[in-house]
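Engineer: I need the structure of the sequence given here:
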Amino acid sequence: MDEATARRIVVLAVQGQLPAGTGFPDDSTDLEASGLVDSMGWVEILVSIESHAGLRNFGQSWSESRPRSIGELMASLQAAATGEAQEKPSDIARASETGGTTNLLVGWAYTLGSKRKEIVAVERELNLAAGLLSKGAGIESVRVARDDEDELSLGRAAAETALDTAGIEAGAVDLLVATSATWLGFPSYSPALHNLLLLRSDCVALDVGGACVGLLNALATANSLLRTSRWQTALVVASEAHSRWQNLLCGHGEFAGLFGDGACAFVLKSYDEATAAEGLRLGRFFWECDGRSSRLLRVGLSPNASIQLEFRGEQLGKAAIEELLRILSRLESLSGRKIQDVDFFALHEPNPRLVRILADQIGAPPEKVALISQASGNLGSVTCGAGLCEGIRRVGGQASESRRPLIFMAAISPGLLGAGTYFY
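Structural biologist: Sure, this is the predicted structure:
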């Protein structure tokens, strides 16, 4: 990148953050010390530079102190652009995908709440304007648990099916990693599920948080522990029963009506040359957290046990698409493959309408996206897992010695947290 281009990009980014009526600083002025830009202004400047320069993680590229002036920003931008041009994505992917350190996904399943409710009925129950969820969000129905179903029964059903798919007995599981944003109580979710599945007493039970990125966090945890221990088999479960909390969201029907109930489960095995062809390989994982959007969705319990909600749907939708696009771009780099080479996208789905917008932006045809939320509602951490199961069902049979199917998984969560990985 030449100096003139770098200056244009930096000046454009800085100009948007200066107080009204302020003269433009010279190249050596410390923008923060001079009071011209605060900490959030710096974030906006970095995002603008990344966007206009087509760079990823510009603000994470400094080994020492970050640049503080226009001149330093220009120099850093030119250096980052040079490094980006020299980066070889295929080399990055190859370094982490040697056979001895890549675990295998050998079992998978998902299950949904047994009751299907038309979204128009949900709108009536929640006193919402007709079409708010059906037309505005694109949801046709939601799946909710029966009175005798909860996170445990749904999780058990998914786990047992995943183990059957893998041809593995429950007694062979060394590690259970579970996530649930709706399970509130002690024992926590993983030991409660551990007991229900009759796993061995020396089988580890771990709970992982993260809400809608919880499944990715759980998969990454299990993946890392298999790599660094003598354990051979991990069971990963995500389960959500949103409907049990719906009555506490009085006055927030436009939020409560988006969600459904379900669970998903995956069996991971340590890599073995003899069984490498039996499952999908796990790629690298990626996370980021964009605090600028943290106030777009906040959910919590008040002292009197009522739910406190801050929900800015329109702004959150825009931020969600932007974050998912960044994750998918990063997965291109990590995998060494382009978006058009991806066979399937297992995505978190805030609602079907947003997923269609995202698919249009990346040029993904309908058959490459599950659209779980259209008939089931937003399943929280389970959504991208259900999407992965559908992806394996649709493209898993395409595997051959010369080519393995490629699936990108991406999810977002309040914070704004973003996470992604790929399977091949």
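
Engineer: contacts and neighbour counts: CA atoms only from here.
Structural biologist: Will do.

Engineer: now the stretch 51-200 of the chain, which segments are flagged as low pLDDT?
Structural biologist: 51, 56-57, 59-65, 83-101 (pLDDT under 70).

Engineer: and if we set it to 50?
Structural biologist: 63, 85-100 (pLDDT under 50).

Engineer: mind checking the backbone torsions on Asn247?
Structural biologist: Per-residue torsions, Asn247: phi -70, psi -20 (degrees, to the nearest 10).

Engineer: whoops, I mixed them up, Phe266
Structural biologist: Per-residue torsions, Phe266: phi -140, psi 140 (degrees, to the nearest 10).

Engineer: is it fair to say Ala263 lies in a helix?
Structural biologist: No. Assessed with DSSP: H, G, I helix; E, B strand; the rest coil, Ala263 is strand; it does not lie in a helix.

Engineer: Any idea what it is bridged to?
Structural biologist: Beta-bridge partners for Ala263, by DSSP bridges, are Thr111, Ser239.

Engineer: How about the contacts made by it?
Structural biologist: Counting by Cα atoms under 8 Å, 6 or more residues apart in numbering, Ala263 touches 110-112, 151, 154-155, 158, 237-240, 382, 386.

Engineer: how near is it to His194?
Structural biologist: 15 Å (Cα to Cα, to the nearest Å).

Engineer: burial count for the residue lying closest to Ile339 once chain neighbours are set aside?
Structural biologist: Spatial nearest neighbour of Ile339, excluding adjacent residues (Cα to Cα, 6 or more residues apart in numbering): Glu332 at 6.6 Å. If you count neighbours by other Cα atoms under 10 Å, Glu332 ends up with 21.

Engineer: Model confidence score at Leu296, please.
Structural biologist: Here, the pLDDT recorded for Leu296 equals 78.

Engineer: With Ala277 instead?
Structural biologist: 64.

Engineer: Trp245 now?
Structural biologist: Trp245 is assigned 82 on the pLDDT scale.

Engineer: Is the closest residue to it other than its chain neighbours in a helix, a strand, or coil?
Structural biologist: Excluding its sequence neighbours, the residue lying closest to Trp245 (Cα to Cα, 6+ apart) is Thr182, at 8.0 Å. With three-state DSSP as the basis, Thr182 sits in coil.

Engineer: just the helices in the protein please.
Structural biologist: 3-15, 39-53, 70-86, 89-96, 119-125, 151-166, 189-197, 214-227, 253-256, 313-335, 352-362, 372-376, 382-395 (DSSP state H).

Engineer: helices or strands up against the longest one?
Structural biologist: In this case it means helix 313-335. If you count contacts as 3 or more Cα pairs under 8 Å, 6 or more residues apart in numbering; DSSP states H and E, helix 313-335 packs onto helix 89-96, strand 286-289, helix 352-362, strand 407-413, strand 417-423.

Engineer: hmm, back to that, between all of the contacts of Ala263, which two are separated the most?
Structural biologist: Taking Cα to Cα as the measure, the contacts of Ala263 span a maximum distance of 15.3 Å, between Glu151 and Ala386.

Engineer: Who has more neighbours out of the two?
Structural biologist: Ala386 (29 against 23).

Engineer: So the more buried one sits against Cys264, correct?
Structural biologist: Yes. With contact defined as Cα atoms under 8 Å, Ala386 counts as touching Cys264 (6.3 Å).

Engineer: any common contacting residues for the two?
Structural biologist: Counting by Cα under 8 Å, 6+ apart, the contacts common to Ala386 and Cys264 are Ala109, Tyr110.
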